[in-house]
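[1] coords below, sequence missing:
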């Protein structure tokens, strides 16, 4: 009736009528809403209203909640999303969860979003753009509130899917000139140039580069691009390059790559590695050859991984706040969601720059 709270027409007693042991058979699968309704002596609609937080008589609400607790019922979030047109998930795509940088970014995102009731739905692309496209298609079927993905290079189908998704999108770890929606990151090209300038300032002219052989790691390719560009700008030889191994680059790639570089250019004075992981492997190869780092050859990395500080000698590197990228991505997504709830149209193309810096240590 108008002006009255919802009243269930079934049993109004505050306690549940006990059912025989055969009422619910756990072997038949997880409890359903109909099981909760039968145990509480109410309709499925009443259970649905309780779960949605709608107006229900307090005694009825208590009875339904007691039934939920006794059965261990978990509401179907997908069904809830279909009825409400929204979920509480944020889709997150990273190239590799094995990388501490990307796992730190995910931790930052979680720390930013979970206090607002948002949970992460995480996908690992393994650096493959076609896999990223499949994951985007799959995740969009779960109707996420927003999407965060790594990098700015995607298939055209992925870009179309994201632009038409109708939810906020943030590209992380890159500095795209034309973001799909928003971006939080930095220029890997510029960061690599900064490291080359540092090595040159230390008096090194014959500088090599160690990176991966795969074309899939676009951030690694951007670092190589920055290396070549700055070496040419300084009038230095930019051909001392060894590319070895598939993404993600690990410690095991650095040793063979350093060996190949020294066998080809034994007079090399310094080496810039695409990551701290390969820098660690390169330093171990120097140890095996009896070379002293940095007296005989300097070695620099990228990423400021934990291994960079723990290695002997400790590794000079480029520090990027991976956790901070996650935090700022989360803040950007939350601001976009709040703007939409208030009916404010945010312009696309927003970019949030993340700082980086060369961290001088013992290796270079």
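    Good, I have the coordinates. Just so we're clear, the structure is a prediction, and the values are computed from it rather than from any experiment.
[2] could you chop this protein up by domain?
    Split into domains by automatic domain parsing, the chain comes to 21-75, 86-187+323-355, 188-320.
[3] and of those domains, who's closest to residue 363?
    Of all the domains of the chain, domain 188-320 sits nearest to residue 363, with 4.7 Å by C-beta to C-beta. In short, each C-beta sits where N, CA and C put it, glycine included.
[4] would you mind measuring the gap between the ends of the closest one?
    10 Å (C-alpha to C-alpha, to the nearest Å).
[5] mean confidence score for it?
    Mean pLDDT, computed over domain 188-320, is 96.
[6] and it, how far out from the chain's middle?
    Distance, stretch centre to chain centre, for domain 188-320: 25 Å (C-alpha atoms, centre = their mean, to the nearest Å).
[7] now stretch 305-325
    19 Å.
[8] on that earlier part again, need the winner for burial among the domains of the chain.
    Comparing these by mean neighbour count (mean count of other C-beta atoms under 10 Å), domain 188-320 ranks first with a mean of 20.
[9] quick one: closest of the domains of the chain to residue 364.
    Closest approach to residue 364 among the domains of the chain (C-beta to C-beta): domain 188-320, 3.7 Å.
[10] on that earlier part again, quick one: which of the domains of the chain is nearest residue 361?
    It is, among the domains of the chain and with distance given as C-beta to C-beta, domain 188-320, at 4.0 Å.
[11] circling back to that earlier point, and residue 362, which of the domains of the chain is closest to it?
    domain 188-320 (3.4 Å).
[12] residue 248 contacts residue 98, correct?
    Yes - applying C-beta atoms under 8 Å, one finds residue 248 in contact with residue 98, separated by 6.2 Å.
[13] where do the strands sit along the stretch 201-350 of the chain?
    207-211, 241-243, 270-273, 298-300, 317-320, 350-353 (DSSP state E, counting those that start in this stretch).
[14] packing partners for the fifth one?
    Which is strand 317-320. helix 188-201, strand 356-359 (3 or more C-beta pairs under 8 Å, 6 or more residues apart in numbering; DSSP states H and E).
[15] in the last one, what's buried?
    By neighbour count, and taking 16 or more other C-beta atoms under 10 Å as the criterion, the buried residues in strand 356-359 are 356, 358, 359.
[16] can you redo those residues as TSV with pLDDT?
    Converted to TSV, these look like this (pLDDT from 0 to 100):
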residue	pLDDT
356	96
358	98
359	98
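[17] which single one of these is nearest to residue 263?
    Among the buried residues of strand 356-359, residue 358 lies closest to residue 263 (C-beta to C-beta), at 28.3 Å.
[18] gap between that closest one and residue 321?
    Going from residue 358 to residue 321 by C-beta to C-beta, to the nearest Å gives 14 Å.
[19] still on that earlier bit, reformat the domains of the chain as a markdown table; add distance to residue 364.
    Shown next, in a markdown table, are the domains of the chain (distance: least, C-beta to C-beta, whole Å):
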| stretch | distance to residue 364 |
| --- | --- |
| domain 21-75 | 54 |
| domain 86-187+323-355 | 20 |
| domain 188-320 | 4 |
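[20] what are the phi and psi angles of the spatially closest residue to residue 144 that is not a sequence neighbour?
    Once flanking residues are discounted, residue 144 sits nearest to residue 91: 4.1 Å by C-beta to C-beta, 6 or more residues apart in numbering. Backbone torsions of residue 91, given as degrees, to the nearest 10, read phi -80, psi 130.
[21] my read: residue 216 touches residue 245, true?
    No - with contact defined as C-beta under 8 Å, residue 216 and residue 245 do not form a contacting pair (11.7 Å).
[22] show me the contacts for residue 149.
    Going by C-beta atoms under 8 Å, 6 or more residues apart in numbering, residue 149 touches 91, 92, 93, 94, 132, 136, 162, 169, 170, 171, 172.
[23] can you check residue 124 too?
    By C-beta under 8 Å, 6+ apart, the neighbours of residue 124 are 93, 94, 95, 96, 97.
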